[in-house]
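Chemist: Next one to model:
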Amino acid sequence: MAEVPVLKVEGASKRFGGLQALDSVGVSVARGQIYGLIGPNGAGKTTFFNLITGLYVPDAGRFELQGRPYEPRAVHEVARAGIARTFQNIRLFGDMTALENVMVGRHLRTRSGLVGAVLRLPACRREEREIAERAHELLDYVGIARLAAYRARTLSYGDQRRLEIARALATEPVLLALDEPAAGMNATEKQQLRALIEKIRNDGRTLLLIEHDVKLVMGLCDRVTVLDYGRELAAGSPAEVQRDARVIEAYLGTAGAH
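Modeler: Sure thing, here's the model as predicted:
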């Protein structure tokens, strides 16, 4: 019996006025896989991400998470269902410390309610300590434990990316969705990012990423879908996609030979 995909999407579509931004796109992401979504600007990659993470309401489509139907119609519902994402434009709480940013993500999985927090009940205080400890562990995991007390806005660009990933991991997701994680990074930072993504996968996580850096995607992903004008152009292993003449013409060009 085949293993149930972590994420299965069929026929995802979205129109904005007269523009068909996404036209019947689907993916099937297996457990423990790094799945890449690539394509030129305007291909529909971010629209697809925004659909599966509740930022946009789909016009059509069937969505399953771990074999169960789910409706991605609100960001908090999607997060509770088990999908965590980062953004192309980093969205951290700039005046909060790195530790506090990760603790915010962890609070999604807390049990104590508002009353417990206000009254500072023993169970609530204990849970706060556990949240802080887990946040410290995650900062160490992504390699920035030394920056726990620094305000997020004072961190370097690469470290802010790592912090955003730590905050996403704090929600204990079944699927980690990374939107252009290498954007704006230099070559060294990209190598460090690749190592971190591989580490996350090797520890049993499943990842879906949008990325413009074709070389990074082809060297990192187990499977790739190429979008063009809101439609699926090709899907398969990196080697299969790189050999596809339509992909080379539409997007990869000489990069496919690297």
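Chemist: how many neighbours does the closest residue to residue 32 other than its chain neighbours have?
Modeler: Leaving aside its chain neighbours, residue 32 sits nearest to residue 206 (6.0 Å; criterion: C-beta to C-beta, 6 or more residues apart in numbering). Where C-beta positions appear, they are placed from N, C-alpha and C, glycine not excepted. For residue 206, the number of neighbouring residues by other C-beta atoms under 10 Å comes to 23.
Chemist: likewise residue 102?
Modeler: Per other C-beta under 10 Å, the neighbour tally for residue 102 reads 30.
Chemist: Just confirm it is within a helix.
Modeler: Yes. With the criterion set as DSSP: H, G, I helix; E, B strand; the rest coil, the secondary structure at residue 102 is a helix.
Chemist: Show the model's pLDDT score for it.
Modeler: Note on residue 102: pLDDT of 94.
Chemist: Apart from its chain neighbours, what residue comes closest to it?
Modeler: Nearest non-adjacent residue to residue 102, counting by C-beta to C-beta, 6+ apart: residue 135, 3.9 Å away.
Chemist: can you pull out the helices in the stretch 51-200 of the chain?
Modeler: Along the stretch 51-200 of the chain, counting by DSSP state H, counting those that start in this stretch, helices occupy 75-81, 98-106, 114-119, 122-141, 157-169, 187-202.
Chemist: Between these, which one is closest to residue 234.
Modeler: Nearest to residue 234, of all the helices of the stretch 51-200 of the chain, is helix 187-202, at 22.4 Å by C-beta to C-beta.
Chemist: Put the alpha carbons of that closest one into PDB.
Modeler: Taking only C-alpha atoms (Å, rounded to 0.1, in the frame of the first residue of the first chain), the coordinates of helix 187-202 have been written out as PDB:
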ATOM      1  CA  ALA A 187      27.100  32.400  -2.000                       C
ATOM      2  CA  THR A 188      28.300  31.500   1.500                       C
ATOM      3  CA  GLU A 189      24.900  32.100   3.000                       C
ATOM      4  CA  LYS A 190      23.300  30.000   0.300                       C
ATOM      5  CA  GLN A 191      25.600  27.100   1.200                       C
ATOM      6  CA  GLN A 192      24.700  27.400   4.800                       C
ATOM      7  CA  LEU A 193      21.000  27.600   4.000                       C
ATOM      8  CA  ARG A 194      21.300  24.400   1.800                       C
ATOM      9  CA  ALA A 195      23.000  22.600   4.700                       C
ATOM     10  CA  LEU A 196      20.200  23.700   7.100                       C
ATOM     11  CA  ILE A 197      17.400  22.600   4.700                       C
ATOM     12  CA  GLU A 198      19.100  19.200   4.300                       C
ATOM     13  CA  LYS A 199      19.400  18.900   8.100                       C
ATOM     14  CA  ILE A 200      15.700  19.700   8.500                       C
ATOM     15  CA  ARG A 201      14.800  17.000   6.000                       C
ATOM     16  CA  ASN A 202      17.200  14.500   7.400                       C
END
